[in-house]
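*Asks:* The amino acid sequence is not available; the structure is as follows:
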């Protein structure tokens, strides 16, 4: 393999520093999980029922979505894997432990990658803290790199990022193995990452005239393809009965514009992305070349090749999705790859801080730590590291303005304070680690872990309500209590105890939790999207019948869409419901209580009433 420059190890540190660094690397993963973890939300509303069926063949046998999701599909290996673990430790423990392990290894991978890249363990410490604490932008994936809840994407994140690390280190077989393993659980994320990182290695070695490495890279690509065939072969055998344009309209415009359409993604973001990407440009503009902080020319060429291939992928993900729609490119969901840029750039930020750290005065160190709590304040470090005084002055002015914006946005609820809370905590932690005694750092770490553990269990119940409302994430209930609405939980409890197990229920929009908590089949749920052309068109027809045909792309966000779907649902008359029942059999319906006040309901809570359709 190619030699790519000197590396370092945490073992090169003084024993006290080694112990301190090791504790904090694992602590970043633990604290980020305890801070943000939630069970049963978002994508888990559609994933948990599939996992529960893998654990119990009798679970919701009458449910259209659960039945349509059996057999091979994008969630197949993931649901089997989680189901096997859940069979041993229980579902909620399995989800929590896998989330925790994914975050722990993402923190460790970030540390090792940055430490190796810059031959400086401090770079790893900074990089890991930023990856596990900083809120970036939602374009392409989530606002943060760490996971608040388990998904296939989070599960494979350490493998995907590890694949990038191995590729720039010239360890191509390991890179292919990690990306291939990721592709088993998330074929798009793993395969596309593997192709990008190995492609970048191919061109980097070509430009470096290091032709002897080409064959190992091609061999590594073969390993990646072999892994991917586990998913691709069954996928290619699935029936393709939908017209390509209708497929694109349903999956991209009607259901998932926030995942597939760049134009929709960008208009629905608070543009932290603009600040984050702008700092990326400044990184190259004011640091001249990567040679200033990375010694290996091959690694530098790998970064430029990777960036070029990523830009081409994003361009293709726009051109062949929005301008010349193509089913293959829509399915590829290429804008997800922006997540790779986020991680890589945070690693580079850590390296830049590390190589300048020992040159800074104590006051400058504090300012730089504070400047890296948000994309809004990251301007400071990049301008301040310039050799020109005018840029240093501009850096201080921008920092003051940025902190003012951050405070304004928090006060006006443009984003919640919890977006920067964890970054502030980690900035304080880094200051203790690098500017104070290690014993003080370890003592603070112990207190921090105890606090976050307590706030997830018994602490919220003993604190005054006003204190609990300080932040909806800093203080929250037990990690095993899904944060569903009171209405969802109330109806779930009644249905689980009083309705027959084979009952099928028609529910309003946003009641997908009834499958998990109520253990009863639903006619349809907008969130729970099946794969396979036949199931997709059946889901689409059901949604149109009960929730209306308003595409998500015509709304500003999912909350607005849900409100419009609820309005359509509430207007369905008894005659329409009876007619629809002939096409889509259901035994019970949760209907507007005010509209069906004279109907004999089985249960009523809030704005809704559970009605036996046979007696309507």
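*Replies:* Perfect, I can see it now. Just so it is clear, the structure is predicted and the values come from calculations on it, not from any experiment.

*Asks:* Quick check: buried residues in the longest helix along the chain?
*Replies:* If you go by DSSP state H, the chain has its longest helix at helix 91-118. Going by neighbour count (16 or more other CB atoms under 10 Å), the buried part of helix 91-118 is 91-92, 94-100, 102-118. C-beta here means a position set from N, CA and C on the backbone, and glycine is covered the same way.

*Asks:* Which helix or strand in the chain has the lowest average pLDDT?
*Replies:* Sorting the helices and strands of the chain by mean pLDDT, DSSP states H and E puts helix 459-462 at the bottom, at a mean of 44.

*Asks:* contacting residues for residue 81?
*Replies:* By CB atoms under 8 Å, 6 or more residues apart in numbering, the residues touching residue 81 are residue 185.

*Asks:* what helix or strand does it sit in?
*Replies:* helix 76-89 (DSSP states H and E).

*Asks:* Using the three-state scheme, assign residue 585.
*Replies:* Local secondary structure at residue 585 is given as coil here, using DSSP: H, G, I helix; E, B strand; the rest coil.

*Asks:* do you know how far it is from residue 205?
*Replies:* Residue 585 sits 61 Å away from residue 205, going by CB to CB, to the nearest Å.

*Asks:* hmm, back to that, helices or strands up against the longest helix of the chain?
*Replies:* Packing partners of helix 91-118 (3 or more CB pairs under 8 Å, 6 or more residues apart in numbering; DSSP states H and E): helix 15-36, helix 44-55, helix 76-89, helix 121-133, helix 152-168, helix 338-357.

*Asks:* Switch the ones you listed over to a markdown table, and while doing so, append distance to residue 67 and mean pLDDT to every line.
*Replies:* Below are these laid out as a markdown table (distance: least, CB to CB, whole Å; pLDDT from 0 to 100):
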| stretch | distance to residue 67 | mean pLDDT |
| --- | --- | --- |
| helix 15-36 | 33 | 77 |
| helix 44-55 | 8 | 92 |
| helix 76-89 | 14 | 93 |
| helix 121-133 | 39 | 88 |
| helix 152-168 | 21 | 94 |
| helix 338-357 | 32 | 84 |
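
*Asks:* Figure out which of the ones you listed is closest to residue 541.
*Replies:* In terms of CB to CB, the element of the helices and strands packed on helix 91-118 nearest to residue 541 is helix 44-55, at 18.1 Å.

*Asks:* Tell me what angle that closest one forms with helix 91-118.
*Replies:* 110 degrees (axes from the mean of the first three to the mean of the last three CA atoms, to 10 degrees).

*Asks:* So what's the gap between the next helix or strand after helix 44-55 and the chain middle?
*Replies:* Downstream of helix 44-55, the next assigned helix or strand under DSSP H and E is helix 64-68. Helix 64-68 sits 25 Å away from the centroid of its parent chain (CA atoms, centre = their mean, to the nearest Å).

*Asks:* And the contacts of helix 64-68?
*Replies:* Contacts of helix 64-68 (CB under 8 Å, 6+ apart): 46, 49-50, 53, 59-61, 515, 521-525, 528, 530, 532, 534-535, 538-539, 542.

*Asks:* Now with 6 Å, please.
*Replies:* Residues from elsewhere that reach helix 64-68 (CB atoms under 6 Å, 6 or more residues apart in numbering): 49, 53, 60, 528, 530, 535.

*Asks:* Kindly report the same for stretch 226-239.
*Replies:* 72, 180, 183, 184, 187, 191, 532, 533.

*Asks:* number of nearby residues for the nearest residue to the fourth one once chain neighbours are set aside?
*Replies:* Distances taken as CB to CB, 6 or more residues apart in numbering place residue 77 nearest to residue 184, at 5.2 Å, with adjacent residues excluded. Residues within reach of residue 77, counting by other CB atoms under 10 Å, total 18.

*Asks:* my guess is residue 77 contacts residue 182, does it?
*Replies:* No - judged on CB atoms under 6 Å, residue 77 makes no contact with residue 182 at a distance of 11.1 Å.

*Asks:* now the helices: where do they sit in the stretch 201-350 of the chain?
*Replies:* 214-236, 244-248, 257-260, 262-267, 272-286, 297-318, 327-332, 338-357 (DSSP state H, counting those that start in this stretch).

*Asks:* er, the stretch 451-600 of the chain actually
*Replies:* Here the stretch 451-600 of the chain has its helices, by DSSP H, counting those that start in this stretch, at 459-462, 465-468, 486-498, 533-547, 558-570, 574-583.

*Asks:* Between the ones you listed, which one is closest to residue 25.
*Replies:* The nearest among these, by CB to CB, is helix 459-462 at 25.9 Å.

*Asks:* and the residue nearest to residue 69 when sequence neighbours are not counted, how far is that from residue 65?
*Replies:* Excluding the flanking residues, the one nearest residue 69 by CB to CB, 6+ apart is residue 50, at 4.8 Å. Here the criterion is CB to CB. By it, residue 50 lies 9 Å from residue 65.

*Asks:* before we move on, what about residue 432?
*Replies:* To residue 65, residue 432 is 49 Å away according to CB to CB.

*Asks:* go on, residue 615?
*Replies:* Noted for residue 615: a distance of 27 Å to residue 65, by CB to CB.

*Asks:* Centre of the chain to stretch 252-259, how far?
*Replies:* Distance of stretch 252-259 from the chain centroid (CA atoms, centre = their mean) equals 17 Å.

*Asks:* In it, which residues are buried?
*Replies:* Quick answer for stretch 252-259 (16+ other CB under 10 Å): 252, 253, 254, 255, 256, 257, 258.

*Asks:* how near is residue 84 to residue 433?
*Replies:* According to CB to CB, residue 84 stands 39 Å off from residue 433.

*Asks:* Between those two, which is the more surrounded one?
*Replies:* residue 433 (23 against 13).

*Asks:* per-residue confidence for that one?
*Replies:* Per-residue pLDDT puts residue 433 at 75.

*Asks:* Quickly find the element holding it.
*Replies:* helix 418-435.

*Asks:* Residue 610 too?
*Replies:* Residue 610 belongs to strand 608-612 when assigned by DSSP H and E.

*Asks:* Going by neighbour count, list what's buried in that strand.
*Replies:* By neighbour count with 16+ other CB under 10 Å, strand 608-612 contains the buried residues 608, 609, 610, 611.

*Asks:* same question, stretch 364-378
*Replies:* Across stretch 364-378, burial judged by 16+ other CB under 10 Å covers 365, 367-378.

*Asks:* With stretch 79-89 instead?
*Replies:* Burial within stretch 79-89, assessed by neighbour count using 16+ other CB under 10 Å, is assigned to 79, 81, 82, 83, 85, 86.

*Asks:* Now the two most distant members of those residues.
*Replies:* Using CB to CB, the two most remote members of the buried residues of stretch 79-89 are 79 and 85, lying 11.2 Å apart.

*Asks:* End to end on stretch 231-246, go ahead and measure it.
*Replies:* 24 Å (CA to CA, to the nearest Å).

*Asks:* How about stretch 605-615?
*Replies:* Start-to-end, stretch 605-615 (CA to CA) is 19 Å.

*Asks:* Over that stretch, what's the mean pLDDT, rounded is fine.
*Replies:* Averaging pLDDT along stretch 605-615 gives 89.

*Asks:* Can you pull out the residues in contact with that stretch?
*Replies:* Contacts of stretch 605-615 (CB under 6 Å, 6+ apart): 487, 490, 588, 589, 590, 591, 593, 596, 599, 601, 602, 603.

*Asks:* gap between the third one and residue 203?
*Replies:* Between residue 588 and residue 203 the distance, using CB to CB, works out to 60 Å.

*Asks:* Between these two, point out the one with more neighbours.
*Replies:* Remark: of residue 588 and residue 203, residue 588 carries more neighbours, 22 against 17, as counted by other CB under 10 Å.

*Asks:* Can you give me the distance of the more buried one to residue 522?
*Replies:* According to CB to CB, residue 588 stands 10 Å off from residue 522.

*Asks:* Sketch out the low-pLDDT regions of the stretch 251-400 of the chain for me.
*Replies:* 265-293, 376, 378-396 (pLDDT under 70).

*Asks:* What of the stretch 501-616 of the chain?
*Replies:* Judged by pLDDT under 70, the stretch 501-616 of the chain has its weakly predicted residues at 553, 555-557.
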